[in-house]
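Visitor: I would like the atomic coordinates for the input below:
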Amino acid sequence: MLAVLLGVVAAFSWSFHDLIARSMAARIGAFRMAALVMISGGILLSFYVIYDGRIWQSSWQGLMSGLLLGLAYGFGVGGLFKAFSLGPISLVGPLTAGYPVLTVLWGVVNGLEPTPLQWTCVAAALAGAIIVARSGTEDGGINAVEPGKMPTLLLFALISVIGYSCSIVLGQRAAVMVGEIEATWLSRATALITILPFMLGERNRTPISRQQWTGIFVMGALDVVGVIAGNASGHLPGKEFAGIGISAYGAIAVILAMIFLKEKVSPGQWLGLGMLVAAVATMSVSAM
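Guide: Got it, this is the predicted structure:
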């Protein structure tokens, strides 16, 4: 159960993170914002990592695991921010929320044996995400995307899904070898390397305001909290089920977008959100 709860902590952190991302991505530039979030998160963690000093006693394998985490995470966050620059949270959030299901499937390949109830929860979480994406209002969901932009949005959503799903597995391994905070700190540098080529291709070079800088550092803090929570589940039995808790972020993000960004949510989307929440809650109880 604790692994699922850590996933829910990550879900809340990334939901508020995504709310800010959606409001600023188009103005700042998706990849430039992603790069600055990596830098700000690294700066915030540097104070603890340098003070603690454990990173300097880490094995070479542990250091490499944290750096590999960053390569995957860079694709996850870069793809997500680009998708947010093209479509609303009510579409992008649920589309990318199903990626933790892949971590459960990875666990199955490595010997995990989910119960029939847990398999049902995985299916319900995935189905709920699809329903939310497909059942928006007339001026929301898919209908809010500019004509011709949907294939690009889906491509970057797919890149995000693959990047994030790999980062969960790599982060859980890195946490055991080097520590969850240290692994998150190491990942900032290589995530930045992943994002930079995309950022250089962006045309957006508008100056960043003081308010936007504040938003970037808040996002950096929320992002590292989410990554640390996900990594920490690597110490626990049933760590693969942390991904189901993380799946709740799609539902949370849509609700926050409805409240703060005034995005419209259709009855069909509420049904999908209900399925996501029920799947996470049931998985939490079944994993006890």
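
Visitor: who touches stretch 23-30?
Guide: In this structure, residues lying in contact with stretch 23-30 by CB atoms under 8 Å, 6 or more residues apart in numbering are 33, 36, 78, 81-82, 84-85, 199, 202-206, 208, 212, 215-216, 261. C-beta here means a position set from N, CA and C on the backbone, and glycine is covered the same way.

Visitor: Could you look up the next helix or strand downstream of the helix or strand encompassing Met199?
Guide: Using DSSP states H and E, Met199 sits in helix 180-200. Heading C-terminal from helix 180-200, the first helix or strand you meet, by DSSP H and E, is helix 210-232.

Visitor: got the angle for that next one vs helix 180-200?
Guide: 130 degrees (axes from the mean of the first three to the mean of the last three CA atoms, to 10 degrees).

Visitor: re earlier: so which bits of the helix holding Met199 are buried?
Guide: For helix 180-200, burial by neighbour count (16 or more other CB atoms under 10 Å) applies to 180-188, 190-192, 194-196, 198-199.

Visitor: try stretch 267-282
Guide: By 16+ other CB under 10 Å, the buried positions in stretch 267-282 come out as Gln269, Trp270, Gly272, Leu273, Met275, Leu276, Val277, Ala279, Val280, Ala281, Thr282.

Visitor: Could you do stretch 109-124 as well?
Guide: Quick answer for stretch 109-124 (16+ other CB under 10 Å): Leu112, Pro114, Gln118, Cys121, Val122, Ala124.

Visitor: Could you do stretch 221-238 as well?
Guide: 221-234, 236, 238.

Visitor: again with stretch 198-212
Guide: Buried, per 16+ other CB under 10 Å, within stretch 198-212: Phe198, Met199, Glu202, Ile208, Gln212.

Visitor: Residues touching that stretch, excluding its own?
Guide: 24, 27-32, 34-36, 78, 82, 216.

Visitor: quick one: which of those is nearest Phe156?
Guide: Closest to Phe156 out of the contacts of stretch 198-212 is Lys82 (4.2 Å), distances taken as CB to CB.

Visitor: That closest one in helix, strand or coil?
Guide: helix (DSSP: H, G, I helix; E, B strand; the rest coil).

Visitor: Show the low-confidence segments of the chain, by residue range.
Guide: The chain contains residues with pLDDT under 70 at 1, 98-107, 112, 133-134, 136-143, 240-241, 243-244, 247, 280-281, 283-288.

Visitor: Okay, helices next: where are they in it?
Guide: Using DSSP state H, the helices found in the chain span residues 2-28, 30-52, 60-84, 89-97, 100-109, 116-134, 150-178, 180-200, 210-232, 242-246, 248-260, 267-286.

Visitor: possible to save these as CSV with distance to Ala144?
Guide: Formatted as CSV, those follow (distance: least, CB to CB, whole Å):
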stretch, distance to Ala144
helix 2-28, 11
helix 30-52, 17
helix 60-84, 12
helix 89-97, 7
helix 100-109, 25
helix 116-134, 12
helix 150-178, 10
helix 180-200, 23
helix 210-232, 22
helix 242-246, 25
helix 248-260, 11
helix 267-286, 13
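
Visitor: list the buried ones in stretch 153-166?
Guide: Leu153, Leu154, Phe156, Ala157, Ile159, Ser160, Val161, Ile162, Gly163, Tyr164, Ser165, Cys166.

Visitor: Make JSON lines out of those and add distance to Leu19.
Guide: What follows is those, written out as JSON lines (distance: CB to CB, whole Å):
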{"residue": "Leu153", "distance to Leu19": "18"}
{"residue": "Leu154", "distance to Leu19": "22"}
{"residue": "Phe156", "distance to Leu19": "19"}
{"residue": "Ala157", "distance to Leu19": "17"}
{"residue": "Ile159", "distance to Leu19": "21"}
{"residue": "Ser160", "distance to Leu19": "16"}
{"residue": "Val161", "distance to Leu19": "20"}
{"residue": "Ile162", "distance to Leu19": "23"}
{"residue": "Gly163", "distance to Leu19": "20"}
{"residue": "Tyr164", "distance to Leu19": "17"}
{"residue": "Ser165", "distance to Leu19": "22"}
{"residue": "Cys166", "distance to Leu19": "25"}
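
Visitor: State the distance from Ala125 to Gly148.
Guide: Distance of Ala125 to Gly148, given as CB to CB, to the nearest Å: 31 Å.

Visitor: Compare the two (neighbour count), which wins?
Guide: Neighbour count, other CB atoms under 10 Å: between Ala125 and Gly148, Ala125 has more, with 29 against 7.
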